[in-house]
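Structural data only, the sequence is not supplied:
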């Protein structure tokens with residue numbers, strides 16, 4: 001799995017139906033699922049993200065986690081995080097999991113966040129969505145489950 005996380009003051013997603021889902025202070029998480037990912041991968045990545053100390057303490061040092069802040073998460077499926085651009089000008093997405101594998105792992109990841117006490121809003125898997133965010137910092141971090 002790959003995740004691009006952004007610390008935000010607020011973020012929202014507008015679904016194809018017109019419904020908007022939003023969070024306040026927390027993390028905007030773009031999540032890609034790879035061919036070899038499993039439920040255990042989703043669990044490890046969720047635990048890493050909710051405990052990652054990327055929120056500032058009173059001394060303005062990164063020392064607080066999403067759990068410490070009682071922040072929210074907006075999770076957006078993003079297979080394009082597995083883009084390979086080495087071969088030419090058109091990205092190759094063959095390392096991304098097929099939707100039949102990716103959807104349940106995307107949902108499991110979100111469920112793991114919820115089970116940890118994080119308020120979660122999510123996009124619509126596989127849909128074209130409009131995402132807005134107000135980055136806080138900015139703080140943007142790339143995580144790959146291969147490095148966990």
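Arrived safely. Not measured: the values here are computed from a predicted model.

Could you use CA atoms for every contact and neighbour count after this?
Noted.

Could you report the separation of the closest residue to residue 20 other than its chain neighbours from residue 131?
Distances taken as Cα to Cα, 6 or more residues apart in numbering place residue 14 nearest to residue 20, at 4.4 Å, with adjacent residues excluded. Distance, residue 14 to residue 131, by Cα to Cα, to the nearest Å: 6 Å.

could you pull out the helices for this protein?
39-51, 66-69, 99-115 (DSSP state H).

Give me the sheet partners of whichever strand in the chain runs longest and which way each runs.
Identified as the longest strand of the chain according to DSSP state E is strand 130-144. Here strand 130-144 has these sheet partners by DSSP bridges: strand 2-14 (antiparallel).

Let's see the pLDDT reported for the spatially most central residue of the chain.
With distances taken as Cα atoms, centre = their mean, residue 29 lies nearest the centre of the chain, 2.2 Å away. Looking at residue 29, its pLDDT stands at 98.

quick one, what contacts it?
Residue 29 is in contact with 3-6, 73-76, counting by Cα atoms under 8 Å, 6 or more residues apart in numbering.

Would you quantify the distance from residue 4 to residue 29?
Distance from residue 4 to residue 29, by Cα to Cα: 6 Å.

So for stretch 115-122, mean pLDDT?
Here the average pLDDT along stretch 115-122 is 97.

make that stretch 74-86, sorry
So the average pLDDT for stretch 74-86 ends up being 97.

Next, the buried residues of it.
For stretch 74-86, burial by neighbour count (16 or more other Cα atoms under 10 Å) applies to 74-82, 84.

out of these, which are inside strands?
Going by DSSP E, the strands hold 74-77 from those.

want to throw those into CSV with distance to residue 145?
Below are those laid out as CSV (distance: Cα to Cα, whole Å):
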residue, distance to residue 145
74, 19
75, 16
76, 17
77, 16
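
pretty sure residue 144 is touching residue 5, no?
No. Contact criterion Cα atoms under 8 Å: residue 144 and residue 5 do not qualify, at 11.1 Å.

what about the two, which has more around it?
More crowded of residue 144 and residue 5, by other Cα atoms under 10 Å: residue 5, with 21 against 14.

Can you give me the separation between the residue nearest to the centre of the chain and residue 107?
13 Å.

Touching, residue 97 and residue 34? I think so.
Yes. Taking contacts as Cα under 8 Å, residue 97 lies within contact range of residue 34: 4.6 Å.
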